[in-house]
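Visitor: sequence first, predicted coordinates after that:
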Amino acid sequence: MTNHQESLRGFPGFLQDVNQHVDRAIAQGMSTRSFVLQIAERYSYIRLADLYRPLRFLRQLSGQPPVCFGASGFRRDLVDDQEPARHYTAFVFVGYWLPTLLATPILWAWEILGFVRYGWQWSQPDIRSGTIGIRHGRCVRKQGP
């Protein structure tokens, strides 16, 4: 972990880092699309360049993102692992690209796959976090960063 990452812990660090990216995106005239791609890669390890390698792409989605914040300060009802920002941001990404009626089944499908993968453990916090992420992704699409 770099010194920069050590200073960014939990929800306050996540919020600070997102705000810095918003400020930079606005100052540089970055498109909303580029902003969403940037935060998705940074916080959720979503790299569209790896879509042509589906296994690698899926491994990245379930692995550690480049920037980690930990779970401190996040609402407890939204946390089921040590990187809640990863899951939330992934669904901001999904909500940005897809209407809610398509994004929500993707959230549920992802959680069903996780249910099987992680030994029949259902994650209601992930459903709540993903639902909020989808809603925020729709807002970013309409209003920008």
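Guide: Looks like it came in fine.

Visitor: show me what contacts the residue nearest in space to the middle of the chain?
Guide: In the chain, the centroid-proximal residue (C-alpha atoms, centre = their mean) is T89; its distance is 1.6 Å. Counting by C-beta atoms under 8 Å, 6 or more residues apart in numbering, T89 touches 39-40, 43-44, 65, 133. C-beta here means a position set from N, CA and C on the backbone, and glycine is covered the same way.

Visitor: and these, which two are the farthest apart?
Guide: Largest separation among those by C-beta to C-beta: P65 and G133, giving 14.0 Å.

Visitor: quick check on those two: which one has the bigger neighbour count.
Guide: The neighbour count for P65 versus G133, taken as other C-beta atoms under 10 Å, is higher for G133 (26 against 20).

Visitor: ok, and the closest non-adjacent residue to that one?
Guide: F91 (3.0 Å; C-beta to C-beta, 6 or more residues apart in numbering).

Visitor: also Q121?
Guide: F115 (6.8 Å).

Visitor: measure that neighbour to Q20 for me?
Guide: Using C-beta to C-beta, to the nearest Å, F115 is found at 35 Å from Q20.

Visitor: more neighbours: the two, which one.
Guide: F115 (14 against 11).

Visitor: just say helix, strand or coil for that one.
Guide: Secondary structure assignment for F115 (DSSP: H, G, I helix; E, B strand; the rest coil): helix.

Visitor: list the contacts of it.
Guide: Taking C-beta under 8 Å, 6+ apart, one finds 121-123 in contact with F115.

Visitor: highest neighbour count among those residues?
Guide: In the contacts of F115, the most neighbours by other C-beta under 10 Å go to S123, 17 neighbours.

Visitor: help me confirm that that residue comes into contact with I112.
Guide: No: applying C-beta atoms under 8 Å as the test, S123 and I112 come out as separate, 10.5 Å apart.

Visitor: contact partners of the longest helix along the chain?
Guide: With secondary structure taken from DSSP state H, the chain has its longest helix at helix 124-143. Residues external to helix 124-143 that are found in contact with it (C-beta under 8 Å, 6+ apart): 32, 35-36, 77-80, 84, 87-97, 99-100, 103-104, 107-108, 110-111, 114.
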